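Undergrad: generate a structure from the sequence data that follows.
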Amino acid sequence: MIETIMDSHYIHSLPFLFKGLIWTLIITISGLILGFILGALTGLGRLSKSKIIRGICTFYVEVVRGTPILVQILFIYVGLSEDLIGFNIDKITASIIAITINAGAYISEIVRGAVKSIDKGQHEAGRSIGLTQKQTMRYIIWPQAFKRMIPPLGNQFIISLKDTSLFSVIAVGELLYMGKQYYNATFSAFQTLLMVCVLYLLITIPTSYYLQKLERKLDV
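TA: Numbering: from 1, shown residues only. Okay, here's the model as predicted:
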């Protein structure tokens, strides 16, 4: 039985799939880091007193949240390349941009919600000790809000990780695409796709478990 498994595509596909998993993680992590920066700026922008800034940020969030990420991927990789900038965007670059823009819209709501959840008395306390509005945000509001952002940011990591499977439509060598390449060559779709699922689960299940523990700890 063990020899049968070792000689099967369950094992033989792993070196191939690991290459895709590496690119999946690179795209996800890079996109989320940039997406957090974009989301933080947008989230704070939606809390701005300026109607123009609020309007621009709200428009971005609504457009991204109101359209499928697959459409966004194709728009960035095909639409921008062919119709606007006149040259092809690298597949990996297009993928990171897509995750950044998509995750940024959702992260902006996480940031906005976390900042708004801080009691207004905290703002007043900062002003009462002589801090400016920016200093109050930096030293009092943001540290408290960031703790509340951590669990939903972890959930966004899982969502974005799974969304990378859609990049197979533009032939990015992520996990699912590498799996498809392998089973097309070996006619082993069941075994290969099962291993693709296992590799996703090896990341998402421990992440979900850790987030649940962290959320309970932060609630104490």
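Undergrad: let me know the pLDDT of S108.
TA: Confidence per residue is given as pLDDT, and for S108 that number is 97.
Undergrad: just the element for it, please.
TA: Taking DSSP states H and E as the criterion, the element that holds S108 is helix 91-117.
Undergrad: what's the residue most central in space within the chain in contact with, if anything?
TA: Taking Cα atoms, centre = their mean, the centroid of the chain lies closest to S160, which sits 3.6 Å from it. With contact set as Cβ atoms under 8 Å, 6 or more residues apart in numbering, S160 has these partners: 28, 31-32, 35, 99, 102-103. Heads up, the C-betas are built off the backbone N, CA and C, glycines and all.
Undergrad: any chance of those residues in a markdown table, plus distance to F167 and neighbour count?
TA: Conversion of the contacts of S160 to a markdown table gives the following (distance: Cβ to Cβ, whole Å; neighbours: other Cβ atoms under 10 Å):
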| residue | distance to F167 | neighbour count |
| --- | --- | --- |
| T28 | 10 | 25 |
| G31 | 11 | 26 |
| L32 | 15 | 23 |
| G35 | 15 | 26 |
| I99 | 9 | 27 |
| N102 | 12 | 24 |
| A103 | 14 | 28 |
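Undergrad: report the two of those residues separated the most.
TA: The distance between the two most remote of the contacts of S160 (Cβ to Cβ) is 11.4 Å, for T28 and N102.
Undergrad: residue contacts, the residue nearest to Q122 when sequence neighbours are not counted?
TA: Beyond its immediate neighbours in the sequence, the residue positioned closest to Q122 (Cβ to Cβ, 6 or more residues apart in numbering) is I140, lying 5.5 Å away. Each residue near I140 by Cβ under 8 Å, 6+ apart is listed here: 122-123, 125-126, 131.
Undergrad: show the pLDDT at I140.
TA: Model confidence at I140, given as pLDDT, is 85.
Undergrad: can you give me the separation between it and V111?
TA: The spacing between I140 and V111, counted by Cβ to Cβ, to the nearest Å, is 16 Å.
Undergrad: in the protein, where is pLDDT below threshold?
TA: For the chain, the stretches with pLDDT under 70 are 1-7, 82-87, 219-220.
Undergrad: can you give me the first-to-last residue distance of stretch 45-59?
TA: Stretch 45-59 stretches 11 Å from its first residue to its last (Cα to Cα, to the nearest Å).
Undergrad: so what's I92 up against?
TA: Applying Cβ under 8 Å, 6+ apart as the definition, the contact partners of I92 turn out to be 23, 26-27, 172.
Undergrad: how far away is it from K147?
TA: Separation of I92 from K147 (Cβ to Cβ): 33 Å.
Undergrad: kindly report the same for D163.
TA: Relative to K147, D163 is positioned 26 Å away (criterion: Cβ to Cβ).
Undergrad: look at the two and report which has more neighbours.
TA: D163 (21 against 12; other Cβ atoms under 10 Å).
Undergrad: hang on, I69 packs against D163?
TA: Yes - with contact defined as Cβ atoms under 8 Å, I69 counts as touching D163 (5.5 Å).
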